[in-house]
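Sequence first, then the predicted structure:
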Amino acid sequence: MRSAVPSAVSPAVGREFLEPNEFMDWDAPVVGAFAQRHAGSAGGDAERAVRLYYAVRDGVRYDPYAIRPQRETFRASHVVEASAAFCIPKAILLAAAARAVGIPAAIGLADVKNHLTTQKLRDAMGTDIFIYHGYTVLHLGGRWVKATPAFNVELCRKFDVPPLEFDGKADSLMLPYDRKNQRHMEYLKDHGWFAEFPFERVLTDFRKVYPRLFDGPGLEGVFEQERPLRP
């Protein structure tokens with residue numbers, strides 16, 4: 001597959017990008033409180049979005065071993081109280097928190113090739129292709145901007161990858177190389193942006209692509225404590 005940055009056609013800004021729903025349940029008190037605590041006093045939308053981005057990026061540790069097939073584990077109200085989550089729930093939380101402070105938001109999904117993983121995760125997945133990698137899309141300054149709050153700063157230090165920054169203006173997508181100029185992440189396929197997380201579609205495909213991960217007992221452990229598997 002040819003490597004490409006996600007390039008979904010920008011949707012019109014409709015009410016569905018502001019309203020709460022099953023997964024972006026910003027009307028839940030814990031999500032509203034999270035949004036207000038981290039962004040309530042900020043001046044404009046961009047500043048609020050940046051504050052929320054870093055609150056999600058570093059406040060919820062990235063761990064693919066936290067993945068579970070239950071619907072509730074993808075809801076923002078669950079993620080905000082979790083100690084760890086993987087990319088999709090973290091992107092959902094950022095979108096929900098943004099909506100809570102009046103910023104239209106969606107979740108974007110893309111297939112990526114992750115060159116920095118661990119042997120344990122590679123064995124469980126059977127591949128280094130991560131389907132439906134989650135990122136957030138925020139409507140700021142009259143246009144849609146992509147933000148990826150997946151990898152917390154501690155994990156980036158361990159894997160020797162520059163932390164992904166976000167300024168509320170430019171797209172923030174996974175970097176192609178680490179600090180040693182080794183391959184880090186390649187975007188392979190864009191699935192588009194969604195006002196609501198397409199749970200059934202994603203879980204159905206997860207079970208097909210990662211049967212060892214979803215039909216077995218699951219994975220235990222702390223991902224960032226493992227040794228990175230280099231290319």
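Nice, thanks for sending it over.

which sections of this protein are below the confidence cut-off?
Along the chain, segments meeting pLDDT under 70 span 1-11, 115, 176-178, 180-183, 215-218, 229-231.

in the protein, which spans are strands?
Along the chain, counting by DSSP state E, strands occupy 61-62, 84-85, 105-114, 129-140, 143-147, 185-194.

Figure out how far the second one is from the centre of its chain.
To tie it back to what came earlier, the one meant is strand 84-85. How far strand 84-85 lies from its chain's middle: 10 Å, per Cα atoms, centre = their mean, to the nearest Å.

so what secondary structure elements neighbour it?
Helices and strands touching strand 84-85, as assessed by 3 or more Cβ pairs under 8 Å, 6 or more residues apart in numbering; DSSP states H and E, comprise strand 61-62. C-beta coordinates here come from the backbone N, C-alpha and C atoms, glycine included.

go again using 10 Å as the cut-off
Under the contact criterion of 3 or more Cβ pairs under 10 Å, 6 or more residues apart in numbering; DSSP states H and E, strand 84-85 touches strand 61-62, helix 87-100.

ranking those by burial, who's on top?
Highest mean neighbour count of those: helix 87-100, a mean of 29 (counted as mean count of other Cβ atoms under 10 Å).

Ends of stretch 113-128, what's the gap?
Using Cα to Cα, to the nearest Å, one end of stretch 113-128 lies 6 Å from the other.

buried set for it?
113-118, 120-121, 124-125, 128 (16 or more other Cβ atoms under 10 Å).

now stretch 41-54
45-46, 48-54.

Okay, and which of those map to helices?
45-46, 48-54 (DSSP state H).

Can I get those residues in a markdown table including distance to residue 190?
As requested, those are exported to a markdown table (distance: Cβ to Cβ, whole Å):
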| residue | distance to residue 190 |
| --- | --- |
| 45 | 25 |
| 46 | 24 |
| 48 | 27 |
| 49 | 22 |
| 50 | 24 |
| 51 | 27 |
| 52 | 24 |
| 53 | 21 |
| 54 | 25 |
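
From residue 139, how far off is the spatially closest residue to residue 19 that is not a sequence neighbour?
Nearest residue to residue 19 in three dimensions, chain neighbours excluded: residue 99, at 7.4 Å (Cβ to Cβ, 6 or more residues apart in numbering). For residue 99, the distance to residue 139 equals 10 Å [Cβ to Cβ, to the nearest Å].

any shared contact partners between the two?
By Cβ atoms under 10 Å, 6 or more residues apart in numbering, residue 99 and residue 139 have these common neighbours: 17-18, 105-106.

Compare those and tell me which has the most neighbours.
Ranked by neighbour count (other Cβ atoms under 10 Å), the shared contacts of residue 99 and residue 139 have residue 105 at the top, with 29 neighbours.

what's near enough to touch it?
Contacts for residue 105 (Cβ under 10 Å, 6+ apart) come out as 17-18, 24, 26, 49, 52, 91-92, 94-99, 136-140, 144, 147, 193, 195.

And for residue 52?
Residue 52 makes contacts with 34-35, 38-39, 42, 59, 93-98, 100-101, 103, 105, 136, 138, 147, 149, 166, 168, as judged by Cβ under 10 Å, 6+ apart.

If we use 8 Å, what do you get?
Residue 52 sits next to 35, 38-39, 94, 97-98, 101 when contact means Cβ atoms under 8 Å, 6 or more residues apart in numbering.
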